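Asks: give me a 3D structure for the following:
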Amino acid sequence: MIIYILKRDAHQAETELKPLLFYLFTFSGGIFETVENEPVNIEELAFKFAVTNINRNRTLMPNTTLTYDIQRINLFDSFEASRRACDQLALGVAALFGPSHSSSVSAVQSICNALEVPHIQTRWKHPTVDNKDSFYINLYPDYAAISRAVLDLVLYYNWKIVTVVYEDSTGLIRLQELIKAPSRYNIKIKIRQLPSGNKDARPLLKEMKKGKEFYVIFDCSHETAAEILKQILSMGMMTEYYHYFFTTLDLFALDLEPYRYSGVNMTGFRLLSIDNVQVASVMEKWSMERLQAPPKPETGLLDGMMTTEAALMYDAVYMVAVASQRASQMTVSSLQCHRHKPWRFGPRFMNLIKEARWDGLTGRITFNKTDGLRKDFDLDIISLKEEGTEKAAGEVSNHLYKVWKKIGVWNSNSGLNMTDSNKDRSTNITDSLANRTLIVTTILEDPYVMYKKSDKPLYGNDRFEGYCLDLLKELSNILGFIYEVKLVSDGKYGAQNDKGEWNGMVKELIDHKADLAVAPLTITYVREKVIDFSKPFMTLGISILYRKPNGTNPGVFSFLNPLSPDIWMYVLLACLGVSCVLFVIARFTPYEWYNPHPCNPDSDVVENNFTLLNSFWFGVGALMQQGSELMPKALSTRIVGGIWWFFTLIIISSYTANLAAFLTVERMESPIDSADDLAKQTKIEYGAVRDGSTMTFFKKSKISTYEKMWAFMSSRQQTALVKNNDEGIQRVLTTDYALLMESTSIEYVTQRNCNLTQIGGLIDSKGYGVGTPIGSPYRDKITIAILQLQEEGKLHMMKEKWWRGNGCPEEDSKEASALGVENIGGIFIVLAAGLVLSVFVAIGEFIYKSRKNSDIEQVSKVLDLLFFHGMKTQLPECLSFNAIMEELGISLKHQKKLKKRSRTKGRSSFTSILTCHQRRTPRKETMA
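Replies: Below is the predicted model:
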C-alpha cells in the first residue's frame with residue numbers, strides 16, 4: 001500500500017507526493033498475508049480506517065491530506081516483497097509498512113536500512129542477534145517484556161506447577177523468561193506443543209486432564225485460542241479448578257459467552273486502553289463500519305470488535321502522520337536499490353518518529369532510540385467474570401466491562417500492580433456458588449453420616465442423615481448451592497502410601513471427582529499440601545477406647561483398705577515401740593513412783609502404774625481414741641504421750657476420711673491408664689483405623705513414646721490396624737484390644753455402649769474441616785459460613801442433637817449408698833474373734849491362777865513343818881535365799897520395799913516374812 005501525503009502551502013504552488021509502501025501481514029508463523037478465503041486483511045482495513053479519520057480531522061493535519069494505494073504480495077514471497085519495495089522507493093517514499101512474515105520482513109528491512117527509510121512494524125518480530133536495524137520501528141510490545149509479565153503473574157498466583165502449551169517455535173522465544181524460571185524459583189514447568197496442521201487438540205487436553213494440570217499457559221493466535229476453548233469445554237475441563245492464561249493480546253475480543261458461567265478462571269493481557277473515552281469512541285466507529293461490511297469467515301472474534309493488530313496499525317498511521325506534520329522542509333526523492341544512495345532526510349524523519357510521545361489506542365507510545373522497540377507501556381490484567389456492574393461509554397465498551405474485569409496492570413518499568421481486592425474476589429465466589437450443584441464426598445461414620453432408617457425406599461441425599469448432613473444443609477442455606485452426596489468409593493479417609501499416591505476422599509478431591517469433602521476429615525499437614533481445608537467445624541484429639549473394667553465390690557475386710565498393709569504394719573510397730581519407750585522412761589523417772597497407801601506415810605512400799613502391759617494398754621487406748629485410766633505424771637512421760645496422741649490423731653483422721661469411699665465406691669481397676677501404659681506393655685494389642693489421620697499421626701510422630709507405639713502397630717498391621725471404627729469397636733468389645741481414635745467418636749460410642757470407656761486424656765489437638773480441591777474458590781466462603789454457624793451456636797446444637805444418647809449410669813453416685821454386710825462384715829468378724837479370744841484368755845488366766853495358788857499353799861505347809869520340827873540349822877540360809885528371791889520378785893512386780901532406819905524387832909521367823917510379803921503384794925486368800 002502506498003500513502004501519498006499531499007501538502008498545500010499558500011506561498012508555494014508546488015505539490016509534493018510522499019508515498020508510503022504497505023504490505024499485508026499476519027501474526028508470525030500462523031496467518032499469511034493473503035489467503036483465498038480472506039482477500040482483505042484486518043490491518044489493511046485498519047489502515048484505511050485510520051487514513052479516513054485523519055483526513056476528516058482537519059485539526060490534526062490542516063495542511064495535509066493522506067491518500068493511499070494498496071499493493072498485495074503472496075505469502076512467503078520475499079523476492080516479490082523486495083521487488084515491490086524497490087519499486088515504491090523509486091517513486092519516493094517517506095516510510096514503509098510491512099510486510100509481516102519473517103522472511104519478507106528481513107528482506108525489506110535490509111533495503112530500508114541501506115537507503116535510510118523508516119520501516120514500520122505492528123506485529124511481533126523474531127529478535128535478531130545483532131541489533132543494527134536503526135531505521136526499524138515496532139509498535140508491538142517486546143517479547144522479553146511480555147515474557148517478564150507472564151512470569152510476574154505466575155509468581156503472584158504462586159503457581160508451583162505450570163503447563164506451557166505453545167503453537168510454534170516462536171512461542172518458546174516469547175516465554176523464555178518463564179521457561180528459565182525453574183532455575184531461579186521453585187516452579188515446575190511442563191512444556192507441550194499443539195499438534196501442527198491439526199486443529200484437534202483433544203488428545204493433548206486428555207493427557208493434561210489425566211496429569212491433573214490445572215494451571216495452563218497458552219501461547220497461540222486468537223484464532224487457535226477460540227478453537228482450543230471449544231475443545232476444552234467438550235473435555236469437561238471448563239471448571240472452577242482450572243486456570244487458563246492466554247498470551248494473545250486479542251483474548252478480550254473473543255466470543256466467550258459460552259464459558260462465562262462455567263466458573264473457569266481465565267486470565268489474559270489487554271493492550272487497548274478502553275478506559276479512555278476517546279479510545280472507546282474510536283472503537284465504536286470501527287464497530288459500526290465492520291458491522292456494515294460483508295460477513296467474514298468465522299474467526300472466533302466478536303462481531304465488529306477491534307483487535308490489537310488493528311489498533312496498533314491505527315496508532316502507527318497516526319504516529320507517521322504527526323511526524324510528517326512536524327517535518328517541515330522535508331522532501332522525498334526517488335531511491336534506486338541498485339545505487340545504494342540513501343534518502344538524505346531519512347535520519348531526521350526517523351528521529352522525529354522515535355522521539356514521538358503519543359497516547360494512542362494502545363496506551364502511551366514511546367520508543368527506544370537504540371533498537372526502535374516500544375518501551376514504558378502498560379498491559380491490563382483482565383479476568384473473565386460472570387456478571388459485571390460497571391458502565392462505560394459505548395456498547396462495545398459496555399460489553400467488555402460486562403465480560404472482563406480489570407484486576408491489575410503490568411508496566412514494563414514498574415512491573416506488576418494487582419488492584420483486585422479480596423473482598424471483590426469473595427463477592428464473585430458467592431455469586432458463583434448460588435444455584436451451583438456441588439459433588440460432596442463423604443464416608444459412613446456414626447454419627448456424622450449414617451443410613452437413614454425408613455420403611456420406604458430412599459434415594460439421593462435422603463438416604464443419609466447425621467451431623468455432616470445437617471452441616472451441609474446449613475451451609476447450603478447460607479451460600480445457596482445445591483449438593484449431591486456420594487460415598488467415597490474405597491471407604492477410606494485419605495492417606496499417602498510410600499509411592500506418594502493418595503487414596504480415599506483426599507484422592508477424589510485431588511482428581512476433582514468431588515467439590516467438597518464433608519466428613520470427619522482431620523486437618524493435617526500432609527493433607528494440606530495437596531488439598532485445601534476450611535476452618536475446623538469441630539475440635540478434638542486422639543484418645544484411647546477400651547473396655548470398662550469390671551468393678552470389684554468391697555470385701556469383708558475392706559475396712560483395712562484405707563491404709564496400705566505397710567502402713568498398718570508401721571502403726572503396729574509404732575505402738576509397740578512407744579509402749580516400750582514409755583515403760584523404760586517410767587521406770588527411770590522418780591515422778592512415776594507413788595505410795596499406794598497415802599494414809600500411811602511411813603509405808604515402805606511404792607508402786608509404778610506403767611508396767612509393760614499397762615504401757616501397751618495406754619498406747620492401744622490412745623490409738624483407738626478411747627483413752628485409759630492411766631495418766632502420766634512426769635514431764636517426760638507426758639511428752640511421750642502427747643506425741644503419740646498427735647500421731648494417732650493424724651492416722652485416725654486420714655483413715656476416717658478414706659473409709660467412706662472404700663466402703664461405698666465400687667473400685668474400677670484398669671490395666672492401662674494412659675498411652676505410656678500401652679507403650680510399656682505388649683499383652684494388650686492396640687491400633688487405629690488404617691489410612692486414617694490417627695495412623696498418620698503415629699507414623700509421622702517424632703516423640704519416643706508414639707514412635708514405640710507405631711513400631712508395635714506397624715509390626716502387626718494385619719491385626720493392629722482396622723478397616724474402620726466399627727470394626728475396631730467390635731474388637732474392643734470381644735478381645736483384649738485398645739483402639740486409638742478421635743475423642744469425639746469415643747464420646748459418641750461411650751454414650752451408647754456402657755461397656756466402653758475413654759482411657760486417659762487427649763494425646764494431641766486437631767480439628768475436622770471441610771476439604772476442597774487445592775485452589776478451590778469455595779473454601780473461603782465455606783469458612784465464613786462455618787464461623788457464622790459457630791457464632792450462632794448451631795454447631796453446638798447439632799452436636800448435642802447427634803451425640804446425646806440414652807446415657808450410662810454415673811460411676812460416682814452423688815447420694816451415699818447404704819452399707820451392707822459385704823461392706824462392713826469384717827468388723828463383725830473381728831468382734832466375734834475378739835470375744836472368742838477373750839473367753840479363751842479368761843480360761844487360761846483361771847487355770848494359771850489356780851495352779852499358782854496351789855503351789856503357794858504347798859510351799860507354806862512345807863515351811864511350817866520344817867520350822868516346827870527343828871530344822872533350825874538350815875533356816876537362816878534358806879530364809880536369806882528366799883528373802884532375796886522375794887525382793888527380786890517384788891521388783892519385777894513393780895513394788896519396792898523402802899529401806900528403813902530401824903526394822904521391826906522380834907519377828908524374824910519365815911512366817912512373819914511371808915506375811916509381810918503377802919501384805920506388799922496383795923493376793924486373794926487361798927482356801928485351807
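Asks: for the rest of this, base every contact and every neighbour count on C-alpha atoms.
Replies: Will do.
Asks: surely residue 274 meets residue 284?
Replies: No - if you go by C-alpha atoms under 8 Å, residue 274 and residue 284 don't touch, sitting 10.8 Å apart.
Asks: in terms of neighbours, single out the busier of those two.
Replies: The residue with more neighbours, out of residue 274 and residue 284, is residue 274; 24 against 20, by other C-alpha atoms under 10 Å.
Asks: pLDDT value on that one, please?
Replies: Note on residue 274: pLDDT of 84.
Asks: how much space separates residue 522 from residue 466?
Replies: 18 Å (C-alpha to C-alpha, to the nearest Å).
Asks: the two: which is more packed in?
Replies: residue 522 (25 against 20).
Asks: give me the distance between that one and residue 79.
Replies: 71 Å.
Asks: what does residue 227 give?
Replies: For residue 227 relative to residue 79 (C-alpha to C-alpha), the value is 34 Å.
Asks: swap in residue 576?
Replies: 130 Å.
Asks: same question, residue 119
Replies: Taking C-alpha to C-alpha, one finds residue 119 at 17 Å from residue 79.
Asks: which one of these two is surrounded by more residues?
Replies: Neighbours were counted for residue 119 and for residue 79 using other C-alpha under 10 Å; residue 119 has more, 28 against 14.
Asks: so what pLDDT did that one get?
Replies: At residue 119, pLDDT is 82.
Asks: surely it is in contact with residue 94?
Replies: No - assessed by C-alpha under 8 Å, residue 119 is found out of contact with residue 94, at 9.4 Å.
Asks: doesn't residue 375 make contact with residue 368?
Replies: Yes - between residue 368 and residue 375 there is a contact at 6.3 Å, judged by C-alpha under 8 Å.
Asks: would you map out the domains in the chain?
Replies: Domain assignment of the chain by automatic domain parsing yields the ranges 2-141+314-375, 143-188+204-248+251-277+378-420, 428-541+769-803, 558-665, 669-764, 825-920.
Asks: let me have these in CSV, adding distance to residue 196 as columns.
Replies: As requested, the domains of the chain are exported to CSV (distance: least, C-alpha to C-alpha, whole Å):
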stretch, distance to residue 196
domain 2-141+314-375, 10
domain 143-188+204-248+251-277+378-420, 8
domain 428-541+769-803, 30
domain 558-665, 86
domain 669-764, 46
domain 825-920, 100
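Asks: among these, which is nearest residue 305?
Replies: domain 143-188+204-248+251-277+378-420 (6.0 Å; C-alpha to C-alpha).
Asks: helix/strand/coil for residue 191?
Replies: Per DSSP: H, G, I helix; E, B strand; the rest coil, the local secondary structure of residue 191 is strand.
Asks: got a list of what it touches?
Replies: Shown in contact with residue 191 (C-alpha atoms under 8 Å, 6 or more residues apart in numbering): 163-166.
Asks: go again with 10 Å.
Replies: 162-166, 172, 179, 216-217 (C-alpha atoms under 10 Å, 6 or more residues apart in numbering).
Asks: tell me which of the residues you listed fall in strands.
Replies: 162-166, 216-217 (DSSP state E).
Asks: immediately after the helix or strand that residue 785 is a member of, which helix or strand?
Replies: Assessed by DSSP states H and E, residue 785 sits inside helix 779-791. Sequence order places helix 794-803 as the next helix or strand after helix 779-791, per DSSP H and E.
Asks: what are the buried residues along that next one?
Replies: The neighbour-count check on helix 794-803 (16 or more other C-alpha atoms under 10 Å) flags 794-795, 799, 803 as buried.
Asks: same question for stretch 718-732.
Replies: Quick answer for stretch 718-732 (16+ other C-alpha under 10 Å): 720-722, 724-725, 728-729, 731-732.
Asks: what is the mean pLDDT for that stretch?
Replies: Mean predicted confidence for stretch 718-732 is 87.
Asks: may I have it exported as PDB, CA atoms only?
Replies: Extracted in PDB, the C-alpha atoms of stretch 718-732 (Å, rounded to 0.1, in the frame of the first residue of the first chain):
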ATOM      1  CA  GLN A 718      -2.800 -57.300  59.900                       C
ATOM      2  CA  THR A 719      -4.200 -57.400  63.400                       C
ATOM      3  CA  ALA A 720      -3.500 -54.000  64.900                       C
ATOM      4  CA  LEU A 721      -4.900 -51.800  62.200                       C
ATOM      5  CA  VAL A 722      -8.600 -52.000  61.400                       C
ATOM      6  CA  LYS A 723     -10.600 -51.000  58.300                       C
ATOM      7  CA  ASN A 724     -13.000 -48.600  60.100                       C
ATOM      8  CA  ASN A 725     -14.200 -47.600  63.500                       C
ATOM      9  CA  ASP A 726     -17.000 -50.100  63.700                       C
ATOM     10  CA  GLU A 727     -14.500 -53.000  63.200                       C
ATOM     11  CA  GLY A 728     -12.300 -51.500  65.900                       C
ATOM     12  CA  ILE A 729     -15.100 -51.100  68.400                       C
ATOM     13  CA  GLN A 730     -16.200 -54.700  67.900                       C
ATOM     14  CA  ARG A 731     -12.700 -55.900  68.600                       C
ATOM     15  CA  VAL A 732     -12.500 -53.800  71.700                       C
END
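Asks: low-confidence ranges, the stretch 1-150 of the chain, go.
Replies: 1-40, 61, 63-64, 67, 69, 102, 126-133 (pLDDT under 70).
Asks: go again using 90 as the cut-off
Replies: 1-146 (pLDDT under 90).
Asks: the helices in it, which residues?
Replies: Per DSSP state H, counting those that start in this stretch, the stretch 1-150 of the chain carries helices over the ranges 42-56, 78-91, 102-115, 143-157.
Asks: remind me what the first one packs against, helices and strands.
Replies: Helices and strands in packing contact with helix 42-56 are listed as strand 21-22, strand 64-69, helix 277-292, helix 308-326; criterion 3 or more C-alpha pairs under 10 Å, 6 or more residues apart in numbering; DSSP states H and E.
Asks: quick one, the helix or strand following the longest one and helix 102-115 angle?
Replies: Later in the chain than helix 308-326, the nearest helix or strand by DSSP H and E is helix 346-354. Computed by axes from the mean of the first three to the mean of the last three C-alpha atoms, to 10 degrees, the angle separating helix 346-354 from helix 102-115 equals 120 degrees.
Asks: for the helix or strand just after helix 346-354, what is the distance to the chain centroid?
Replies: Going down the chain from helix 346-354, the next helix or strand is strand 358-360, by DSSP H and E. In terms of C-alpha atoms, centre = their mean, to the nearest Å, the centre of strand 358-360 is found 51 Å from the chain centre.
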